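Student: Next come a sequence and a model predicted from it.
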Amino acid sequence: MDVIASVSFVLRIVAAGGVYLYATKAMRNTRFFVGFLTALSSGIIAYIYLGPVFEAVGIPLATVALYILSIGAASIGMCLGVLLPIPLPGICFGVTSSLMVSMFLNLSQNTLGIVFTVTSLLCGILSIWFQSIMLGFATITEISAVAGSILVPNLFSCIVAVSRGETFHLLDKTSGMISISSQTHLGIFWISIAALTGIVMLAMNKFGGVQSYTKLPSAQSGGKSKIMGPPSYLQPPPSSPDAYNMFDPADLPPRLAEYANMVYSACEDLGNFFGFQDSSVRNQAEHLLILLSNNRRYMSSHILPPSVQPPSPIHALHAKVFSNYMKWCRAMGVCPSFSKMNTAMSAPPAVASRVVDLVLFFCIWGESCNVRHMPECMWFLYHKMMEEYILCEGYTQTRSLYEGHF
C-alpha cells in the first residue's frame, strides 16, 4: 500500500506540474486564456450549485446529467471569456478570492452569494482599467486551486462544502501523502499554493517564459536609452509621394527601362480614369516591369525554338495572364474585352493595347484584397471595367477621378 500511495503522490505532483506548464504557455494568448479561466469557474460553479439537486435523485444517470450540464456551463464560460476578455478576469478573481476568504469564515450560502456578487462586480469593474493585473490574480487563485486539489483532493471537497454553506467533512484521511483535515489548514494550504504560483509566474515573466512588450525609447529619454528601436520594416513609410519601392523610376536598369514609357503612360491614364490609389499604381507598374523582364527568357532560343517564340515579352505575359480570362469568357458566353489602339503611346497597336490590358488587370489585382483569391470575381471586374474604358476610349485623358475612388 505504501508503494501505491507513493506512486499516486508522484503522479499527483506530475499532474500539478502539468497544470502549471499549460498555464504558463496558454497565458501568451490572452483572449484564449481568459476563456479558459472563465470556463473553469463556470463549470465548477455549475457543479457546486446543481450538485444537491441531482444528488438527491440517487441514481447514476443523474450524476451523468450533472457532469454534462457542468461541461455545458464551462463551454458557455469559454465563449464569454473569449468574447469579453476585459471584465471577466476580474469577475473570476472576485469569485475565487471570495471562496478563499470564506475558507476561514463560517458563512451561510445566502451571505456567501451576496459576497460573491459584490466582489465579482467590483473586481469586474476594476478589470476594465487593470485587466492585466486582474488576469494575473485570477490565474494565481484558480490555477493554485486546481493544482492544490490535485495534490490534496480534500481541498476541492472543502471548496464545494464552503460554497454550499455546509460543514466540511473529511472524506479520506489517507489520500496521497499529504493529509490535511481542517478547513482552516486547507485554506492556508490554498494560500501557500497561490503564493507559490505567483512566484512561478513572476519567474517565468522575468526569464522569458511569458512574452511581454518591449518598451521603445521615448523622447524624454534623450536618446540615451539602450533599448533598441523597432525594426526597419516597422518604420513609417516615406512622406514623399515620389518615393519608390525597389527601383527609382528615373534610374531604372536597362531591362526594366525598355518598356517603362509604355507602362507608366498606361498607368497614368488608367489611374486617373478609374481613380486607383497612386501608391498602388506605382507598385503595380514596378511589378509589371519586373514580370516583363522575367518573360524575356521566352525570347531565347535555349528556352523556345524561334518558330514558337512570342513576338515580345509583352505578348508572352499577356497570353499567360489572360489564358484563364479566355476560359471564363467561353464559360459565360461573352466576347473578351481587350483594349484597342492607344493613341497616347508611341508603340505598335498590338503591343500598346496589351500593355493597357495588363496594367488594368494588375491595378485591379493590387486593390482587390481577398477578392484576388476568387478568379471569377476578378475577371468580372476586369471585363466590366474594360468595357467602360473601351466606350470612353479616345477621350479617356479628359476624365480624372480622385485617388482612391476605385
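Tutor: That came in fine, so what should we check first? These numbers were taken from a predicted model, which means no experiment stands behind them.
Student: low pLDDT regions in the stretch 101-250 of the chain?
Tutor: For the stretch 101-250 of the chain, the stretches flagged by pLDDT under 70 are 169-181, 204-246, 250.
Student: To clarify, my last question referred to the stretch 251-400 of the chain.
Tutor: Applying pLDDT under 70 to the stretch 251-400 of the chain flags residues 297-310, 341-349, 393-400.
Student: what about the helices in it?
Tutor: 254-257, 260-274, 278-294, 313-321, 323-332, 349-367, 375-391 (DSSP state H, counting those that start in this stretch).
Student: out of those helices, nearest to N154?
Tutor: N154 lies closest to helix 375-391 among the helices of the stretch 251-400 of the chain, at 63.5 Å (C-beta to C-beta). Yep, even glycine has a C-beta here, placed from its N, CA and C like the rest.
Student: Mind exporting the C-alpha coordinates of that closest one to CSV?
Tutor: The C-alpha coordinates for helix 375-391 follow below in CSV (Å, rounded to 0.1, in the frame of the first residue of the first chain):
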residue,chain,number,x,y,z
PRO,A,375,-10.7,34.5,-60.1
GLU,A,376,-14.3,34.7,-61.4
CYS,A,377,-14.8,37.9,-59.5
MET,A,378,-11.5,39.3,-60.7
TRP,A,379,-12.4,38.6,-64.3
PHE,A,380,-15.9,40.0,-63.9
LEU,A,381,-14.4,43.3,-62.6
TYR,A,382,-11.8,43.4,-65.4
HIS,A,383,-14.5,42.6,-68.0
LYS,A,384,-16.9,45.4,-66.9
MET,A,385,-14.2,48.0,-66.4
MET,A,386,-12.6,47.3,-69.7
GLU,A,387,-16.0,47.6,-71.4
GLU,A,388,-16.4,51.1,-69.8
TYR,A,389,-12.8,52.0,-70.8
ILE,A,390,-13.4,51.0,-74.4
LEU,A,391,-16.6,53.0,-74.6
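Student: which stretch of helix or strand covers T139?
Tutor: T139 is part of helix 131-151, with elements assigned from DSSP states H and E.
Student: phi, psi of V334?
Tutor: Per-residue torsions, V334: phi -120, psi 160 (degrees, to the nearest 10).
Student: which non-adjacent residue is nearest it?
Tutor: Leaving aside its sequence neighbours, V334 sits nearest to H383 (C-beta to C-beta, 6 or more residues apart in numbering; 7.1 Å).
Student: again, but for G271
Tutor: Nearest residue to G271, sequence neighbours excluded (C-beta to C-beta, 6+ apart): V281, at 4.4 Å.
Student: thought the one you found was touching C267?
Tutor: Yes: the criterion here is C-beta atoms under 8 Å, and V281 meets it with C267 at 5.0 Å.
Student: shared neighbours of those two, anything?
Tutor: By the contact definition C-beta atoms under 8 Å, 6 or more residues apart in numbering, V281 and C267 are jointly contacted by C363.
Student: coming back round to it: can you count the residues close to the residue nearest to V334?
Tutor: Using other C-beta atoms under 10 Å, H383 is surrounded by 17 other residues.
Student: Verify the stated contact: it with S337.
Tutor: Yes: counting by C-beta under 8 Å, S337 is a contact partner of H383 at 5.3 Å.
Student: Any buried residues in stretch 185-196, and which?
Tutor: 186-187, 189-191, 193-194 (16 or more other C-beta atoms under 10 Å).
Student: Contacts for that stretch next, please.
Tutor: 100, 103-104, 140-141, 144-145, 147-148, 151-152, 154-155, 158, 168, 180.
Student: wait, what's in contact with the nearest residue to V101 once chain neighbours are set aside?
Tutor: Nearest residue to V101 in three dimensions, chain neighbours excluded: V115, at 8.0 Å (C-beta to C-beta, 6+ apart). If you count contacts by C-beta under 8 Å, 6+ apart, V115 has them with 98, 101-102, 107.
Student: same deal with I290?
Tutor: L256.
Student: Kindly report the same for L317.
Tutor: Contact analysis of L317 by C-beta under 8 Å, 6+ apart lists 291-292, 295, 358.
Student: The same query, at a cut-off of 10 Å, please.
Tutor: 288, 291-292, 294-295, 298, 310, 354-355, 358 (C-beta atoms under 10 Å, 6 or more residues apart in numbering).
Student: V371 now?
Tutor: Contacts of V371 (C-beta under 10 Å, 6+ apart): 364-365, 377-378, 380-381.
Student: Confirm for me that the residue nearest to G271 is in contact with E367.
Tutor: Yes: taking C-beta atoms under 10 Å as the contact criterion, V281 and E367 are neighbours in contact, 9.3 Å apart.
Student: which residues sit against stretch 43-58?
Tutor: The contact list for stretch 43-58 (C-beta under 10 Å, 6+ apart) reads 61-67, 69-78, 95-96, 99, 109, 113, 116, 142, 145-146, 149, 156, 159-164, 166.
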